[in-house]
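J.: build the 3D model from these lines:
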Amino acid sequence: MHDHPGALRVFAQPRPGVDPRRAWGLLRVDGCEPSMHRGRMSIPVAPKQTPAFFLQAVLSFVVSTIAVLGGIVYLPVDSWTRAFLTIGVLYAITSSFTLAKCVRDQHDAQSVIHRVDEARLDKFMADHDPFRVAPGL
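T.: Numbering: from 1, shown residues only. This next block holds a predicted model:
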């Protein structure tokens with residue numbers, strides 16, 4: 001089997017410190033720590049974008065900006081109106097970048113909270129012994 005760049009390699013190995021009899025279903029994926037969530041395996045996978053999608057996004061942004069600014073230049077109005085519209089377009093562009101950054105940061109924060117919750121659940125499940133008799137019984 002040949003390894004390709006970016007290929008996912010899964011190794012069936014129990015995590016350190018976990019009883020091998022209870023370690024079923026816990027896998028290591030290239031150093032990532034998996035966790036069990038509601039009885040199902042969840043492996044963190046970073047979203048990937050293709051170079052073609054990135055190129056399409058950049059070209060779309062450039063073409064739309066040039067088209068709007070070109071339209072403003074050829075409007076049959078005085079220069080003050082053109083300047084006002086140009087400043088408005090530039091403000092809309094910078095605001096969209098700021099909004100995209102805020103949405104990304106919020107998503108990253110939620111992802112960290114979710115990973116912490118999964119780690120707590122994983123620790124609870126690793127420490128839980130279903131065959132242990134409760135004290136006093």
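J.: so for stretch 75-83, what gets flagged as buried?
T.: Across stretch 75-83, burial judged by 16 or more other C-beta atoms under 10 Å covers no residue at all. Any C-beta I mention is one placed from the backbone N, CA and C, and that applies to glycine too.
J.: quick one: terminal-to-terminal distance for it?
T.: Taking C-alpha to C-alpha, to the nearest Å, stretch 75-83 runs 11 Å from one end to the other.
J.: mean confidence for it?
T.: Stretch 75-83 carries an average pLDDT of 96.
J.: give the other helices and strands that the helix or strand containing residue 122 contacts.
T.: Applying DSSP states H and E as the criterion places residue 122 in helix 79-127. Of the remaining helices and strands, those touching helix 79-127 by 3 or more C-beta pairs under 8 Å, 6 or more residues apart in numbering; DSSP states H and E are strand 35-37, helix 51-73.
J.: domain assignment for the chain?
T.: 1-46, 49-127 (automatic domain parsing).
J.: lowest-confidence stretch among those domains?
T.: Among the domains of the chain, domain 1-46 scores lowest, with a mean of 50.
J.: before we move on, the earlier item: please indicate which of the helices and strands packed on helix 79-127 has the most neighbours on average?
T.: strand 35-37 (a mean of 17; mean count of other C-beta atoms under 10 Å).
J.: count the neighbours of residue 86 for me.
T.: Residue 86 has 14 neighbours, counted by other C-beta atoms under 10 Å.
J.: if we can go back for a sec, and the helix holding residue 122 with helix 51-73, angle?
T.: Helix 79-127 runs at 160 degrees relative to helix 51-73, counting by axes from the mean of the first three to the mean of the last three C-alpha atoms, to 10 degrees.
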